[in-house]
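>>> Fold the stuff below for me.
(chains A and B)
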Amino acid sequence: MSALPTSVEEISTGLREVGYLPDSSTALVAYLATKLGKPVLVEGPAGVGKTELAKALAKYLGRELVRLQCYEGLDEAKALYEWNYRKQLLRIQAEGRGSGWEDVQEDIFSSEFLLQRPLMTAIASPEPVVLLIDEIDKTDQEFEAMLLELLSDFQISIPELGRVEATTHPVVVLTSNNSRELTEALKRRCLYLWLDYPSIEHELEIVMLHSPELPEVVARKLVDVISQVRELDLKKPPSIAESIDWARALLLLGADDIDRSVFTATMSVIIKHRTDLDIVAERVGLKLDGPGDAASPTATV
Amino acid sequence: MQRVQQPPSSTPGFTGSILAFGQELRDEGVAVGTSELLDAYAALEEVPWTSRNDVREALSATLAKSPEDRRVFELVFDRFFFRAPEAQAVRLEVREGDGSVRQGEAGQVDIESLIAQIAAALRDGDESAMRDLARLAIAAFSRQGQGSGVIGVDVQRIRRALGLRVEPQPDLAPDDPRAAGLPRDAIRRFEEILRRELDRALIERTQRLPPSRPLNELDRALPSGQLQDLAAVHRIVIGLKRRLATQGQEQRGSKRHAHVDVRRTMRASLQTGGVPVDLRYRPKRPRRPEIYVLCDVSTSVTSASLFFLSVLHALHDSFRKLRSFVFIERISEVTEIFERERDFKAIHEAIGRDAGVADVSGYTDYGRVWEEFLVEVKDDLHPRATVIVLGDARTNGRDPRAEIFGAIAARAGRTFWLNPEPRLYWNYGDSVISAYEDHCEAFECWTVRQLEEFVKALIQPITPG
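Numbers count the residues shown, from 1 in each chain, chains lettered A, B, ... in the order given. Here you go, the predicted structure:
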């Protein structure tokens, strides 16, 4: 038992090294996922680093990342496998008249004529991989049901070939923006991780990691403003990705403080809706100091 | 750290605790399966049991699998593992003195130095100091006799009395930690601790644990029951939502006519040597809105309207072609709010705030509502459309204008009325449901079961004619 806490630490520091700052629950769930071999379902608002987590895990574990981007109407042929019709046809045509149907049939339904799609690739890979099933909530329930076999037993049944079982255990990460309630059956098979917007300190760390040249005073003010903006009732609150973008924009502009003029000029980096722009300019923009008196930070509400 | 006290359970040890914990979660309406409990055990083996956070995260990762469940989980976890001594105390009727001891303890503390210590702890983010100081602050505060008994209010009062603010307070002495402003996170954390401590004091005072409201309470009486907890309503509707979704699917599936797009199929067949292996279909054309929902949000149906709004929410999730309206004296379309917002609470707030329900007198005017509704949707109503009214049909003595309602019902394929009052009260007082019943099917709907009955009727295929 005593060795295990260091392992959570290990995964935490490991993720840090590849540029992902996990909070304690993220590190723990990631650790459990590798340890128990269960898929992780990551939910949370857009842009809090759900996909990034999978990428970082792959990088940290030194595995290949196999990604399946979900969308409405995604079907087995695009997610699992497909028979390579063209090759099969060519094979049949190339075959002389002499050979019997039996031979040909056996031949064209072999793995040579199988086009592997992401899920199949992840299962069949001789090296262990990290499988990312992105935005699972975009697909329909039928597809979810199809995933069940894969997620619990790590195997795929192909009628013509039989069962393909995973030789290595992939780490599976599913992400969802919570736009649809997922089925109980799917949830039951997964560990659940809710990623929310990070705390101010945590976000500061993230911003500093991605743009270390930014003066800390500015970065601190930036995350402070961002957290204030998130508290407003916006259509699309700024995500972590947008904080980082904003930090980079400020760096390019060479800003050494976020005052009102800088904020108004660069606001569009973090706010992506017209109505939101107005709300933010009114509620947050006014609280910032005017361009002239940047020295005394007094809050005018 | 771990103060797990053995709850009465047949299985001894930690195993039994977890089982009892799972049972408690189930009682609160979280769907915890056996496989999930097994996962929880497996996960617990991998984390140090002495770390409270790790244990909680491991349990929540395996047991609570949605934001709503997570919220319930946090409550139950706290109550189950860290209220265990209190639960035991309540069971055994043990008291911690009668308050005078606590007051004496705080009497020796100088308020000024207390404030300074709290501010310093907040600045340094020292959590264990915060916890100790929170108790003292509460004791000192209650000694001044300002307690309101409402935890939320008290927390804010204490915070204000202590002068804890995010903004810098330049008029304070410069060596005061508050002068430069305190970190927002720490203040929030401190408030949380205060809340927990006050909660504890409340348990001591009332000799009861915080109510573990059985969620199936809602099954008994919706309009009269207290619906403080939005999540509670929502949880029940989620089940309904799923059923609606799957049943709707069947309906759509059996009616689907797929038209083969010959051109695209031919194009695709080139890949396979001219053999049309892959059939390409014409994209389905979007249909016009098919369900119209009118929801009364006036004061006479306050408790029920919350329920109705959550029903609306569920409907919106399942039927894409749905337009919804809320009304008191006049109607106001809220389809967009439902499409924009995912979160039920946000929707509820948005409707309360800017739905623009013209609420002049606060009394429902059904006649006017029908009139406006007819004008608004006249051209869209068609025999495949369904109109659902959620309301108590109490007109406050105004003209029911049943003929206009009749006109709406005639244009629409089917019309339903869901009345949150028991059938017994119908047509008493100013209830005029009988005038409308001629034009629609009226359902008594004040429990979830009755709602299910209605849903079954709703998804029945429309018989042509």
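
>>> taking the mean pLDDT, what do you get for the helix or strand hosting B:Val387?
Assessed by DSSP states H and E, B:Val387 sits inside strand B:386-390. For strand B:386-390, mean pLDDT rounds to 84.

>>> what does it rub up against?
With contact meaning C-beta atoms under 8 Å, 6 or more residues apart in numbering or on different chains, strand B:386-390 is reached by B:290-296, B:304-305, B:308, B:311-312, B:381, B:408-409, B:412-418, B:420, B:436, B:440, B:445, B:458. Using the backbone N, CA and C atoms, a C-beta is placed for each residue, glycine as well.

>>> What residues of the helix or strand containing B:Glu68 count as buried?
Using DSSP H and E, B:Glu68 sits within helix B:67-82. For helix B:67-82, the neighbour count (16 or more other C-beta atoms under 10 Å in any protein chain shown) marks B:68-70, B:72-73, B:76-77, B:79-82 as buried.

>>> any residue of it up close to chain A?
Yes. Helix B:67-82 lies within reach of chain A by C-beta under 8 Å from any C-beta of the partner chain, at B:67, B:70.

>>> Who are the packing partners of that helix?
helix B:13-27, helix B:52-63, helix B:230-255 (3 or more C-beta pairs under 8 Å, 6 or more residues apart in numbering or on different chains; DSSP states H and E).

>>> and these, which one's lowest on average pLDDT?
Taking the mean pLDDT of these, helix B:230-255 comes last: a mean of 49.

>>> Toward the C-terminus, what is the element adjacent to that one?
Next in sequence after helix B:230-255, counting helices and strands by DSSP H and E, comes helix B:262-269.

>>> now the helix or strand following that following helix and strand B:386-390, what's the angle there?
Once helix B:262-269 ends, the next helix or strand along the chain (criterion: DSSP H and E) is strand B:291-296. If you take axes from the mean of the first three to the mean of the last three C-alpha atoms, to 10 degrees, strand B:291-296 sits at 10 degrees to strand B:386-390.

>>> The helix holding B:Glu68 versus helix B:52-63: what angle between them?
130 degrees.

>>> any idea which helix or strand carries the residue most central in space within chain A?
The structure's chain A has its C-alpha centroid closest to A:Thr51; by C-alpha atoms, centre = their mean the separation is 0.9 Å. Per DSSP H and E, A:Thr51 falls inside helix A:50-61.

>>> from the middle of its chain, how far away would whatever helix or strand comes next after that helix be?
Downstream of helix A:50-61, the next assigned helix or strand under DSSP H and E is strand A:64-69. How far strand A:64-69 lies from its chain's middle: 10 Å, per C-alpha atoms, centre = their mean, to the nearest Å.

>>> likewise stretch A:232-243?
The answer for stretch A:232-243 is 17 Å, by C-alpha atoms, centre = their mean.

>>> before we move on, the earlier item: where strands are concerned, which of the contacts of strand B:386-390 count?
Members of the contacts of strand B:386-390 lying in strands (criterion: DSSP state E): B:291-296, B:414-418.

>>> Name the nearest of these relative to chain A.
Nearest to chain A among those: B:Ile291, at 18.7 Å, using C-beta to the nearest C-beta.

>>> Hmm, B:Lys321 and the closest one touching each other?
Yes. Counting by C-beta atoms under 8 Å, B:Lys321 is a contact partner of B:Ile291 at 6.7 Å.

>>> Low-confidence ranges, the stretch 301-450 of chain B, go.
For the stretch 301-450 of chain B, the stretches with pLDDT under 70 are B:301-306, B:314-315, B:317-320, B:341-346, B:348-349, B:351-362, B:447-449.

>>> ok, now which ones touch B:Leu162?
Counting by C-beta under 8 Å, 6+ apart, B:Leu162 touches B:115, B:118-119, B:137.

>>> right, and the pair among the residues you listed with maximum separation?
B:Ala119 and B:Ala137 (11.3 Å; C-beta to C-beta).

>>> Give me the more crowded residue out of the two.
Legend: neighbour count by other C-beta atoms under 10 Å in any protein chain shown for B:Ala119 and B:Ala137, higher for B:Ala137 (26 against 21).

>>> Which residue comes closest to the more buried one once chain neighbours are left out?
Spatial nearest neighbour of B:Ala137, excluding adjacent residues (C-beta to C-beta, 6 or more residues apart in numbering or on different chains): B:Ile158 at 5.8 Å.

>>> In contact with that neighbour, which residues?
B:Ile158 sits next to B:137-138, B:141, B:194 when contact means C-beta under 8 Å, 6+ apart.

>>> let's see 6 Å
B:137, B:141, B:194 (C-beta atoms under 6 Å, 6 or more residues apart in numbering or on different chains).

>>> Kindly report the residues of chain B close to chain A.
Residues of chain B lying close to chain A by C-beta under 6 Å from any C-beta of the partner chain are B:33, B:35, B:42-43, B:46, B:48, B:54, B:57, B:61, B:65, B:70, B:167, B:185, B:271-273, B:277.

>>> Just the buried ones out of those, please.
By neighbour count, with 16+ other C-beta under 10 Å, those hold B:42-43, B:46, B:54, B:57, B:61, B:65, B:70, B:185, B:277 as buried.

>>> Closest to B:Gly367 out of the residues you listed?
Distance to B:Gly367 across these (C-beta to C-beta) is lowest for B:Arg70, with 46.1 Å.

>>> returning to what we had before: residues contacting the helix holding B:Glu68, please?
A:194, B:4, B:21, B:24-25, B:28, B:30, B:56, B:60, B:64, B:231.

>>> Which members of these are the farthest-apart pair?
Taking C-beta to C-beta, the two most distant members of these are B:Val4 and B:Ala231; they sit 26.6 Å apart.

>>> A:Ala30 against A:Ile11, yeah?
Yes. With contact defined as C-beta atoms under 6 Å, A:Ala30 reaches A:Ile11; the gap is 5.5 Å.

>>> Neighbour count: these two, which is higher?
A:Ala30 (29 against 23).

>>> still on that earlier bit, and the strand holding B:Val387, which strands flank it?
strand B:291-296 (parallel), strand B:414-419 (parallel) (DSSP bridges).

>>> Save those as CSV, and put in mean neighbour count too.
Putting those into CSV (neighbours: other C-beta atoms under 10 Å in any protein chain shown) gives the following:
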stretch, mean neighbour count
strand B:291-296, 23
strand B:414-419, 23
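
>>> just so I know, which of those lies nearest A:Thr139?
strand B:291-296 (24.4 Å).

>>> A:Trp194: neighbour count?
So A:Trp194, with other C-beta under 10 Å, has 22 neighbours.

>>> Also B:Asp430?
16.

>>> got the phi/psi numbers for it?
Dihedral pair for B:Asp430: phi -90, psi 20, per degrees, to the nearest 10.

>>> In contact with it, which residues?
Residues in contact with B:Asp430 (C-beta under 6 Å, 6+ apart) are B:394-397.

>>> now, which of these lie within helices?
Counting by DSSP state H, the contacts of B:Asp430 place none of their members in helices.

>>> Can you check these and name whichever has the most neighbours?
Ranked by neighbours (other C-beta under 10 Å), those are led by B:Arg394, which has 23 neighbours.

>>> Looks like that one contacts B:Val432 (just checking).
No. In this structure B:Arg394 lies outside contact range of B:Val432 using C-beta under 6 Å: 7.7 Å.

>>> SS state for A:Arg163?
Following DSSP: H, G, I helix; E, B strand; the rest coil, we place A:Arg163 in the strand state.
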